[in-house]
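Asks: coords please:
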Amino acid sequence: MSTGWSEINPREKKGGLPEAVKRQMAPGVVRYVFVHDDLEVDNPTLDASGRYFISPREYGFSIRGFKGGKTAWARDFSNGTMLVVNAEGRSHVLSPKLPARILFVADDGVVLQDTASAERSSERVPDLTTVRLTINATFDLHGESPEVARTLLMRMVDRAVLAGPRPGESEAVVVDHMFESSAVIGSGSERRPSDTDFSQLLDI
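Replies: You can find the predicted model right below:
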């Protein structure tokens, strides 16, 4: 999904910018977060306690103008730009009484996060299905133990599931997932492939 969030006065990004990290905050809720004073922030309109309204300026955001007369609080990250606008999505002027709309836009203009869309999707009745997937992966251990291979595979799959589908690939969203079991089959001493076998339960 891409929108008209094009800056009136485009600027080059500085080097060494931090990365905004994609986090699963709750089943079906994914947000881009950044670290400020050793705390992860997903809503730049709230203080560290999450209770009181503050200006995004406190988190290093500045006001920028966009095509169509829109303005937004904006902060660049190495993997995109976070924007904070009012509920209508037109202005940087925020109200403590209404939740702000927070977007994360990739460098190519693709909107990776829009909290307004997430709120709309939360109002619909979910159409859930369960997918059980068994994976067998063969590792060249390079001196590592089979247990390391098992742990590595679980982490790789977990990261892939949290990342979700690529933009435009599907509207399906993973709302919950878990590892049912995992086991190493075979050992290096037997000169057999070290297969990691587990069943993964995905609720979509």
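
Asks: what are the buried residues along the top helix by length along the chain?
Replies: Using DSSP state H to define each element, the chain has its longest helix at helix 146-163. For helix 146-163, a neighbour-count test (16 or more other CB atoms under 10 Å) marks 146, 149-150, 153-154, 157 as buried. All C-beta spots, glycine's among them, are computed from the backbone N, C-alpha and C.

Asks: show me the contacts for the most centrally placed residue in the chain.
Replies: Centroid-nearest residue in the chain, with CA atoms, centre = their mean: residue 22, separated by 2.5 Å. The contact partners of residue 22, taken as CB atoms under 8 Å, 6 or more residues apart in numbering, are 30-33, 112, 162-163.

Asks: any of those buried? List them.
Replies: For the contacts of residue 22, buried by 16+ other CB under 10 Å: 30-33, 112.

Asks: tally of neighbours for residue 131?
Replies: The burial count assigned to residue 131 is 12, neighbours taken as other CB atoms under 10 Å.

Asks: quickly find the element holding it.
Replies: Element membership of residue 131 [criterion: DSSP states H and E] is strand 130-139.

Asks: that strand pairs with which strands, parallel or anti?
Replies: Applying DSSP bridges to the sheet, strand 130-139 is found paired with strand 194-203 (antiparallel).

Asks: if we can go back for a sec, keeping just the C-alphas, turn the strand holding residue 131 into PDB.
Replies: Output of strand 130-139 as PDB, limited to C-alpha atoms (Å, rounded to 0.1, in the frame of the first residue of the first chain):
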ATOM      1  CA  THR A 130      -5.300 -22.700  11.700                       C
ATOM      2  CA  VAL A 131      -2.300 -23.900   9.700                       C
ATOM      3  CA  ARG A 132      -0.100 -26.700  11.000                       C
ATOM      4  CA  LEU A 133       3.300 -26.900   9.300                       C
ATOM      5  CA  THR A 134       6.000 -29.500   9.800                       C
ATOM      6  CA  ILE A 135       9.500 -28.500   8.700                       C
ATOM      7  CA  ASN A 136      12.600 -30.700   8.200                       C
ATOM      8  CA  ALA A 137      15.800 -28.700   7.800                       C
ATOM      9  CA  THR A 138      19.300 -30.200   7.200                       C
ATOM     10  CA  PHE A 139      22.200 -28.200   8.600                       C
END
